[in-house]
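Student: Provided below are the primary sequence and the corresponding predicted coordinates.
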Amino acid sequence: MSNTPVIGVLALQGDVREHLIALAAADAVARPVRRPEELAEVDGLVIPGGESTTISKLAVLFGLMEPLRARVRSGLPVYGTCAGLIMLADKILDPRSGQETIGGIDMIVRRNAFGRQNESFEAAVDVTGVEGAPVEGVFIRAPWVESVGARTEVLAEHDGHIVAVRQGNALATSFHPELTGDHRLHALFVDMVRANRAAGSL
Ligand SMILES: NC(=O)CC[C@H](N)C(=O)O
């Protein structure tokens, strides 16, 4: 087995291309995932930012919601940014009617939480597990994490609100690291995928 992990980017809606570029820069083979057969072939999956209500609707329409839930439940490493974080939440505080999530992280999220006053802003964020200078977080109509369960590790806060979390093989950030050219969070995720593959092949 080659040591380069294959990481998919859920390509239903959102900023897919930027994640493909960031993952390739972090030494993964990156490919878009739109169909269950494509999902079955990846070692890890990024769920991009965009609009969580649209991603939710399209995932159901394309027959991906259940396969996504099944793979995340069975330990597939996943990384959700912004709308992707919402997709990984076990619960949304203010869902649109009919909005579903994949789940996987024991947390409650508030959609558009930072967005009401500021459509978009950047802030330096100290993320546990990312060495060196703080990450430049780009927040675009971003959610925050209202509360987490006992198994969820808080990796970063901004203005007293949780903006990065990890639970087992699931990582999520409120902000968009794929837009800054700083690939340290993608590298952290690629390491999680490598470790998961190594554990699986023992
Ligand atoms: N940049 C983003 O991903 C915005 C997320 C969006 N507000 C949502 O609810 O899905």
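Tutor: It's in.

Student: Quick check: residues of the protein near the ligand?
Tutor: Residues of the chain lying close to the ligand by C-beta under 6 Å from any ligand atom are 49-52, 82-83, 86, 111-112, 140-141. Placement of C-beta: from N, CA and C, glycine included.

Student: Narrow the residues you listed to those in helices?
Tutor: Among the residues of the chain next to the ligand, the members found in helices (DSSP state H) are 52, 83, 86.

Student: For the residues you listed, give me JSON lines that also has pLDDT, neighbour count and distance to Gly160.
Tutor: What follows is those, written out as JSON lines (pLDDT from 0 to 100; neighbours: other C-beta atoms under 10 Å; distance: C-beta to C-beta, whole Å):
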{"residue": "Ser52", "pLDDT": "97", "neighbour count": "29", "distance to Gly160": "23"}
{"residue": "Ala83", "pLDDT": "97", "neighbour count": "26", "distance to Gly160": "22"}
{"residue": "Ile86", "pLDDT": "98", "neighbour count": "29", "distance to Gly160": "20"}
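
Student: Would you mind giving those residues as TSV with distance to Ala70 added?
Tutor: Formatted as TSV, these follow (distance: C-beta to C-beta, whole Å):
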residue	distance to Ala70
Ser52	20
Ala83	21
Ile86	20
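
Student: Out of the residues you listed, which is nearest to Asp15?
Tutor: Using C-beta to C-beta, Ala83 comes nearest to Asp15 of these, at 9.4 Å.

Student: Identify the residues contacting the residue lying closest to that closest one once chain neighbours are set aside.
Tutor: Spatial nearest neighbour of Ala83, chain neighbours left out: Ser52 (4.1 Å); criterion: C-beta to C-beta, 6 or more residues apart in numbering. By C-beta atoms under 8 Å, 6 or more residues apart in numbering, the residues touching Ser52 are 83-84, 86-87, 92, 99, 101, 111.
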